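Asks: Provided below are the primary sequence and the corresponding predicted coordinates.
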Amino acid sequence: MGSYLLPLGAVLIWSVNTVVSKLAADSISAAEIGFFRWAVAAILFTPFVLPGLWRQRAAIKPLLGRIAVLGVLGMVAYQSLAYYAAHYTTATHMGIIGSLTPMMVLALAVFLLGQPLTRGGVWGSLLAILGVALVVSSGQLGKLASEGLNLGDAMMLLAMLAYAIYNILLKRWPMPALKTVQLLYLQILVAVVVQFPLYLLSPKTGLNTGNLSLVAYAGIMASIAAPMLWMKAVQVLGPGRSSMFFNLIPVFTALVAFAWLGEPLALYHLSGGVMTIAGLLLAELWKTPLRKPASPVPCSTTAG
């Protein structure tokens, strides 16, 4: 049971960070907080992690290509696309597309990792996504079908696809020479380097008393604590089972927004939350393969 606290803690931190992002929208630009969050994490990590990595540099050198891919997918593409998607689409669409991550991971795990497809995985994912849809659509499922795809929807879809691939590669590319914190630090360095040009080319607000605490939360909790918990969860539980907890983010976000911002809670929040949790449990407990393995054909022998 303790293993489930890993992805649960990560999604709770990210849910709070969604509210932090709303608070930061009027006090700092997306490009700035996107760069500063990783810069803060890199500065805090460097004194503790860099000396050990330097001693292991010979063993790390062959892994740099994979580390760069992971950093670009999980720290840059996913985070940056999600920040900018908010300028072109609604929160309803962002939430629904975000909830597709477990299905993406499940599909990729089946085809790329050979993970067996279970009945609980399929029906649990569908039930959880329906629960999330109920929450993010304010109980009006019909309007989701009537709105078309726009630039923001496409960006968010690409963001979640990037993160789904990131989860699969974390499992497919084991790096036993690196501790979890070392792998995370190297990905953070990739994010700092890749996002620095975007930061330079974007309008500047600067750090001030109004946004410093928000940047600190994004840089410490959302960029260090949550990714460490998530990477450990993927290693322990696997990408498919861990990604199911993504469905709880809209539910947790609604609860945090209620407690922090005073946003109202309605019956559809409760209904969607129950459906989402039921979907998670269904996926975990119903392990019957979707397709039963073919029975071996008995070989007949002839006595001579």
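Replies: Yep, it's here.

Asks: what's the burial count for residue 116?
Replies: Look at residue 116: counted by other Cβ atoms under 10 Å, it has 12 neighbours. Where you see a C-beta, it was placed from the backbone N, CA and C, and this is true even at glycine.

Asks: Verify the contact between it and residue 289 for me.
Replies: Yes. Using Cβ atoms under 8 Å, residue 116 is in contact with residue 289, at 5.3 Å.

Asks: show me the contacts for the closest residue to residue 83 other than its chain neighbours.
Replies: Closest residue in space to residue 83, ignoring its immediate chain neighbours: residue 30 at 4.1 Å, by Cβ to Cβ, 6 or more residues apart in numbering. Taking Cβ atoms under 8 Å, 6 or more residues apart in numbering, we find residue 30 in contact with 83-84, 86-87.

Asks: Any figure for the gap between residue 30 and residue 167?
Replies: Per Cβ to Cβ, to the nearest Å, residue 30 is found 24 Å from residue 167.

Asks: residue ranges with poor pLDDT in the stretch 51-200 of the chain?
Replies: Applying pLDDT under 70 to the stretch 51-200 of the chain flags residues 90-93, 96, 144-145, 147-150.

Asks: hmm, try it at 80
Replies: 82-104, 106-107, 110-117, 132, 135-138, 140-153 (pLDDT under 80).

Asks: Please enumerate the helices of it.
Replies: 57-60, 64-71, 78-85, 91-98, 101-112, 119-136, 142-146, 151-172, 180-201 (DSSP state H, counting those that start in this stretch).

Asks: Show the average pLDDT along the following helix or strand past the last one.
Replies: Using DSSP states H and E, the helix or strand that follows helix 180-201 towards the C-terminus is helix 212-217. The pLDDT scores in helix 212-217 average 92.

Asks: from now on call the first residue 25
Replies: OK, 25 is where the count begins now, so the last one is helix 236-241.

Asks: what packs against helix 236-241?
Replies: Packing partners of helix 236-241 (3 or more Cβ pairs under 8 Å, 6 or more residues apart in numbering; DSSP states H and E): helix 29-48, helix 54-79.

Asks: Dump those into TSV; add distance to residue 122 as well.
Replies: As requested, these are arranged in TSV below (distance: least, Cβ to Cβ, whole Å):
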stretch	distance to residue 122
helix 29-48	10
helix 54-79	17
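
Asks: Neighbours of residue 199, how many?
Replies: When neighbours are defined as other Cβ under 10 Å, residue 199 has 17 of them.

Asks: rewinding a little: can I get the buried ones among the contacts of residue 54 as something I can paste into ChimeraX?
Replies: In ChimeraX, selecting the buried portion of these, with burial taken from 16 or more other Cβ atoms under 10 Å, looks like this:
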select :107,108,110
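
Asks: Redo the contacts of residue 54 as CSV? Include distance to residue 266.
Replies: Shown next, in CSV, are the contacts of residue 54 (distance: Cβ to Cβ, whole Å):
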residue, distance to residue 266
107, 23
108, 26
110, 25
111, 29
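
Asks: So which of the contacts of residue 54 is the closest to residue 199?
Replies: Ranked by distance to residue 199 (Cβ to Cβ), the contacts of residue 54 are led by residue 107 at 28.0 Å.

Asks: OK, contacts around that closest one?
Replies: Per Cβ under 8 Å, 6+ apart, neighbours of residue 107: 45, 54-55, 57-58.

Asks: which of these are the two that sit furthest away from each other?
Replies: 45 and 55 (13.2 Å).

Asks: circling back: mind checking the helices of the stretch 75-224 of the chain for the one nearest to residue 288?
Replies: Closest among those, using Cβ to Cβ: helix 143-160, at 13.0 Å.

Asks: Report the buried residues of that closest one.
Replies: Neighbour counts using 16+ other Cβ under 10 Å place 144-146, 148-149, 151-160 of helix 143-160 among the buried residues.

Asks: list the helices and strands that helix packs on?
Replies: Using 3+ Cβ pairs under 8 Å, 6+ apart: helix 143-160 touches helix 115-122, helix 125-136, helix 273-285, helix 291-309.

Asks: Let me have those helices in a markdown table, extended by mean neighbour count.
Replies: As requested, the helices and strands packed on helix 143-160 are arranged in a markdown table below (neighbours: other Cβ atoms under 10 Å):
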| stretch | mean neighbour count |
| --- | --- |
| helix 115-122 | 20 |
| helix 125-136 | 21 |
| helix 273-285 | 19 |
| helix 291-309 | 18 |
